[in-house]
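> This is a predicted model, with the sequence first.
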Amino acid sequence: PARAQSRQQGSPAGAAVTVGTVSDTQTPAGNLNVNPVAGGSATGITVGNLANSNGTVTATLAAGCAATSGTVRFEVSDGDLAGSGDLQVNVSANGAPLLGYANQAVAGGGAAIINPLAGPGDNGAVISIAVHDAGTYSGAVSVNAAGVVSIANAQPVGVHTLTIRATDNCGAITDATFQLTVENTAPTFTPAAAKLRQQGSPAGAAVTVGTVSDAQTPAGALSVTPVAGGSATGITVGSLSNSNGTITATLAAGCAATPGT
């Protein structure tokens with residue numbers, strides 16, 4: 001047998017390694033038949049791609065998820081007689097998958113694509129990645145096989161803890177958590193077309209003065225108030241109303257009113 005080999009539970013076979021050498025006094029070494037046989041003490045080790053090159057024997061060694069350390073026995077035969085030798089294989093425990101994320105922020109009602117900060121990776125294979133727990137977050141969230149998290153219609157405003165779970169081929173899991181901050185954004189007021197008023201005229205019927213919207217609050221629930229800052233003078237706003245985001249009001253012009261906003 002060759003020197004001891006090391007394998008990790010759940011890992012693929014990898015490249016072929018030298019498992020031993022064979023010889024015989026009557027038959028050329030390269031013509032000898034070599035096969036793995038029962039009798040070794042290791043469990044869960046799969047031998048593949050066995051080859052004999054002028055007496056140097058190579059093979060791949062895969063360790064199953066429950067593999068244990070011990071020996072793997074190989075038999076060599078010249079067709080009439082056979083001998084055997086035991087190769088030592090040391091098996092280490094399966095490792096949990098690698099997956100991690102940095103904390104993120106997104107505007108309320110908005111969307112984001114979040115790439116992993118680390119992974120996904122595993123000594124074997126990551127067979128599933130899923131949203132394990134969205135916490136207090138109630139917007140849309142999904143994750144693909146590459147660990148990329150998609151956020152949409154982010155809500156409610158605040159800080160939420162999300163957990164993405166990776167599972168490997170041996171059933172080991174890693175729960176990668178990160179904080180998602182859903183930020184409040186300011187509502188918008190879109191003015192209607194310009195209005196005409198004559199100095200000294202009464203307010204008349206209410207007219208549409210604009211529309212409002214917000215990513216977090218229904219438009220009809222927004223509070224609308226005239227404030228200082230416009231350039232017009234002598235304009236009195238009255239009967240202000242919000243109907244599902246459409247804002248109406250009366251506009252009276254004083255005797256000294258001037259045009260503006």
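Noted; the coordinates are in hand. Residues are numbered from 1 along each chain as shown.
> Is residue 65 in a helix, a strand, or coil?
When classified by DSSP: H, G, I helix; E, B strand; the rest coil, residue 65 comes out as strand.
> can you pull the contacts of the nearest residue to residue 94 once chain neighbours are set aside?
Leaving aside its chain neighbours, residue 94 sits nearest to residue 9 (3.8 Å; criterion: CB to CB, 6 or more residues apart in numbering). C-betas here are computed from N, CA, C, even on glycine. Residues near residue 9 by CB atoms under 8 Å, 6 or more residues apart in numbering: 44, 63-67, 91-94, 170.
> Show me where the stretch 1-150 of the chain dips below the pLDDT cut-off.
Applying pLDDT under 70 to the stretch 1-150 of the chain flags no residue at all.
> could you pull out the helices for it?
Applying DSSP state H, counting those that start in this stretch to the stretch 1-150 of the chain gives no helices.
> For residue 258, name its beta-bridge partners.
residue 233 (DSSP bridges).
> Residue 5 now?
residue 89.
> If you tally nearby residues, what's the number for it?
19 (other CB atoms under 10 Å).
> Who are the contact partners of it?
17, 19, 61, 87-90.
> coming back round to it: for the residue nearest to residue 94, give me phi and psi.
Per-residue torsions, residue 9: phi -50, psi 140 (degrees, to the nearest 10).
> any idea how far it lies from residue 95?
9 Å (CB to CB, to the nearest Å).
> how far away is the residue nearest to residue 94 from residue 42?
Counting by CB to CB - residue 9 and residue 42 are separated by 12 Å.
> Strands of the stretch 151-261 of the chain, start to end?
Taking DSSP state E, counting those that start in this stretch, the strands of the stretch 151-261 of the chain run over residues 158-168, 173-183, 188-191, 207-213, 233-243, 246-258.
> CSV for these, including distance to residue 221 and mean pLDDT?
Formatted as CSV, the strands of the stretch 151-261 of the chain follow (distance: least, CB to CB, whole Å; pLDDT from 0 to 100):
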stretch, distance to residue 221, mean pLDDT
strand 158-168, 18, 98
strand 173-183, 18, 97
strand 188-191, 15, 96
strand 207-213, 10, 97
strand 233-243, 8, 96
strand 246-258, 13, 97
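> how many other residues sit next to residue 159?
14.
> got it, and residue 76?
23.
> Please spell out which residues along stretch 140-147 are buried.
141, 143, 147 (16 or more other CB atoms under 10 Å).
> quick one: buried residues of stretch 84-98?
For stretch 84-98, by 16+ other CB under 10 Å, it's 85-89, 91, 94-98.
> Redo these as TSV? Include distance to residue 128.
Output for the buried residues of stretch 84-98, formatted as TSV (distance: CB to CB, whole Å):
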residue	distance to residue 128
85	41
86	38
87	34
88	34
89	29
91	25
94	16
95	17
96	14
97	10
98	15
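> For residue 178, give the beta-bridge partners.
residue 162.
> residues near it, how many?
18.
> State the distance from the residue minimising distance to the centre of the chain to residue 258.
Residue closest to the mean C-alpha point of the chain, counted by CA atoms, centre = their mean, is residue 147 at 2.9 Å. As judged by CB to CB, residue 147 and residue 258 stand 61 Å apart.
> Report the contact partners of the nearest residue to residue 167 once chain neighbours are set aside.
Leaving out its chain neighbours, the residue that sits closest to residue 167 by CB to CB, 6+ apart is residue 128, at 4.7 Å. Residue 128 is in contact with 165-167, counting by CB under 8 Å, 6+ apart.
> isn't residue 6 right next to residue 88, touching?
No: contact criterion CB atoms under 8 Å: residue 6 and residue 88 do not qualify, at 9.6 Å.
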